[in-house]
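Student: quick one, what's the 3D model for this:
(chains A and B)
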Amino acid sequence: MDRQKILARLHLHAVLPVMAKIVEFDREAQAIVQGWNAAIQFGYVGGPAMQLQFADGACRAFRQAAVKPDVNFVFPLPVLLNNMLAGKGFTLPLINGFWNVKLLKGFMALAKRMEYYLKELEGKPLDDDLKRKVLTCKLAVATWGSAILAECDPHFATFAEHIPAGGSINFVVKPDGPNFYFKKANNGTFLAGDGMVADPSAEVSFADIHVAAQLVDGTLDVMAALGKQEVVVRGLIPMVDDVSAIMAKLETYLA
Amino acid sequence: MAAKKTVTSATKPAKKTAAAPSFQKSKELFLRAAEVIPGAIYGHQSPAITVPGSFPYYAAHGEGAYFWDVDGNKYVDYLCAYGPMVSGYGNRVVDDAAVAEYRKGNCLNLPSPLMVNLAERLTGLIPWADWAVFAKNGTDVTTWCTLVAREHTGRKKIVAAKGEYHGAAPWCTPGHGGIVEEDRANMLYFTWNKLETLKALFDTHKGEIAGVIMTPFHHPSFADSELPAPGFWQGVRKLCDENGAVLILDDVRCGFRLDMHGSQAYFGFEPDLACYCKAIANGYPLSAGAGRNSMKAAAANVFLTGSYWTSTASMAAALANLDHLEKIDGVKTMNELGDLLMKGLVERGKAFGYDQVATGPGALPFVRFGCENNFMRQQVFCAEMIQRGQFLHPHHNWFLSAAHTKADIQATLDAAEEVFPLVKKHFGD
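Tutor: Next up, the predicted model:
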């Protein structure tokens, strides 16, 4: 799969689903979606899609087309979708009706909230509450993004091959989360999600949100943190090593 | 010279008391190290690949088959410094030979006669070898041997078995950092014991393969060891001969533990080049490459050097150590004791309902829980054994030395008898 297609899949299935989380905890986002009862779909011609469904002040993310969308961002090429989601340019999709124009404008405001958590707060001092929110967003992107790269990027084929079918890792932030899992299904596909799987192949636990935040920001000396038990790895360590190597390269796509 | 009196009787393992052994000094040192050393402890000694917090981080001293950590905890050592300790820590025969050379000047402008003596000793010991060269680490000689294979054949590609460790150079490191695709552009991989996968590579890359590098048996980390199937090595030799490729034996880990004449003697084949390191000098830094006459011209053309590679103390240590191992039949001791350890752990595991999987030859055994693939029981088991003074690595093959005794094995098995029920309780098995 070429780089633009991989990046598009990262945007669609790793980054955009974070919107659902942001609507869950961000008051400004909640105010924006108040009263919405609509679906917005994203994709490119011949490629995968994703859909955000808004109802009752909440947002749900689907990594595929689900219901008939009210606004459908179908780009002729993955690069155009990537440009829009990276804030590098915008090709207007087909829009019908006043409601859809309002929805589109609202979504643009919502996208700003996502940018706030994923980009604008980088390197700024944060209180614990905000740090947890940023961490939740970034860990979600990291785990799903790693699953996508494991599956699609030929550079990681060797790592992906090492990971045993059915193998899973729980990423646990102590004491209260957020927690995510990464999994290679028995059919060889990769996925990730909120929470933990039972009987994982490995578990990576972080002493607190500060350690986990350092990891996702790339400022943690991981080996030292392991020795200090700020990060504890149990189980199949080579699988953690492989997934970590993939995770570390996410930045080359999403920076 | 008489060997220093070594500790020959292991006391019963200390029952774990209410307070676990302290690793306080280890942890304090680690915190200091983390400030001034990336990763604090890097490479294979990093705590990350044991059970951090339950294993000591820093060693204080060793004697015989034991070592003490900086907090004063004593261990029966089944890792043997990851292999180099083969005749016992502080072995006087070896140390005296090395110390005498230190007094004379260890690193001079020119090589010493010891280099010639050691090359003659190795070529005398290893039946197929006609020459030898010296370096410091396993990676030095594995890497150099691949270059010799390329020089000899005029070809680029090197074949290795999947999952095998041949060192820390870009072509073979298991690490990810700083590695680019071009580093491995000429590497090909086959599956150990699957001769047809090696044949397929030769068929696909006809006339391109310079050499095949392999360990005597398959001993990857986080997996069972695998001995060569009957006819496997002979099949590898035949494929190399038919395709004009050089067969390189990476005997770094196994050399002088399976057979004093090299591990090829144990498994019944002959390579073209071989690499030795860990057990050669009982902990003094030395590695060696050996080869046939047919490789000699190519070997002479491949630049080989390092600031300390002809230093004399390690060579004196190697000469003394090889003599000592031969004299006491260290190989026999290591393999017999390792067999006892494996058998004992399997039996004790069975008594608690565990089907332990014991693999590898006695001198380099590995035993794990057969009921799991994620090593979680293994990690708890080894962490508890550490508490009882038994240093068993949860993921890496173990090593026996000629300094271990039956009493050590018994102490380890006694400790295991205490630990199996704890694992059972921990996992609710």
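
Student: any idea which element whatever residue of the stretch 301-429 of chain B ends up closest to chain A lies in?
Tutor: Residue of the stretch 301-429 of chain B nearest chain A, by Cβ to the nearest Cβ: B:Asn374 (4.2 Å). The way it works is simple: take the backbone N, C-alpha and C, and place the C-beta from them, glycine included. Counting by DSSP states H and E, there is no helix or strand that carries B:Asn374.

Student: next: A:Ala192.
Tutor: strand A:190-194.

Student: name the helices or strands packed onto that strand?
Tutor: Secondary-structure packing of strand A:190-194 (3 or more Cβ pairs under 8 Å, 6 or more residues apart in numbering or on different chains; DSSP states H and E): helix A:128-152, strand A:179-184.

Student: the longest one vs strand A:190-194, what angle?
Tutor: In this case it means helix A:128-152. For helix A:128-152 against strand A:190-194, the angle by axes from the mean of the first three to the mean of the last three Cα atoms, to 10 degrees is 160 degrees.

Student: so which elements touch helix A:128-152?
Tutor: Applying 3+ Cβ pairs under 8 Å, 6+ apart, one finds that helix A:128-152 contacts helix A:3-10, helix A:18-25, helix A:157-162, strand A:168-173, strand A:179-184, strand A:190-194, helix A:209-217, helix A:237-254.

Student: residues touching the longest one, excluding its own?
Tutor: What it means is helix A:237-254. Helix A:237-254 has contacts (Cβ atoms under 8 Å, 6 or more residues apart in numbering or on different chains) with A:3, A:6-7, A:10, A:15, A:141-143, A:145-146, A:149-150, A:153, A:155-156, A:159-160, A:162-164, A:167, A:169, A:182, A:201-202, A:204, A:218, A:222, A:233, B:48-49, B:176, B:221-222, B:375, B:395.

Student: of those residues, just the buried ones, ChimeraX syntax please.
Tutor: Per 16 or more other Cβ atoms under 10 Å in any protein chain shown, the buried members of the contacts of helix A:237-254 correspond to this ChimeraX selection:
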select /A:6,7,10,15,141,142,143,145,146,149,150,153,156,159,160,162,163,167,169,182,201,202,204,222,233 /B:48,49,221,222,375,395
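
Student: correct me if wrong, but B:Pro216 is in a helix.
Tutor: No: B:Pro216 sits outside any helix when classified using DSSP: H, G, I helix; E, B strand; the rest coil, being coil.

Student: please name the nearest non-neighbouring residue to it.
Tutor: B:Ser263 (3.6 Å; Cβ to Cβ, 6 or more residues apart in numbering or on different chains).

Student: follow-up on the earlier one: could I get the helices and strands packed on strand A:190-194 in JSON lines, plus columns for distance to A:Asp194?
Tutor: Converted to JSON lines, those look like this (distance: least, Cβ to Cβ, whole Å):
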{"stretch": "helix A:128-152", "distance to A:Asp194": "8"}
{"stretch": "strand A:179-184", "distance to A:Asp194": "6"}
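
Student: dump those to CSV, plus mean pLDDT.
Tutor: Output for these, formatted as CSV (pLDDT from 0 to 100):
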stretch, mean pLDDT
helix A:128-152, 94
strand A:179-184, 96
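
Student: for B:Phe366, find the nearest of the ones you listed.
Tutor: strand A:179-184 (25.2 Å; Cβ to Cβ).

Student: the closest one pairs with which strands?
Tutor: The strands beside strand A:179-184 in its sheet (DSSP bridges) come out as strand A:168-173 (antiparallel), strand A:190-194 (antiparallel).

Student: hmm, who's touching the longest one?
Tutor: It stands for strand A:168-173. A:135, A:139, A:143, A:179-184, A:196-197, A:200-206, A:208-209, A:212, A:235, A:239-240, A:243.

Student: having no further points to raise, I will conclude here.
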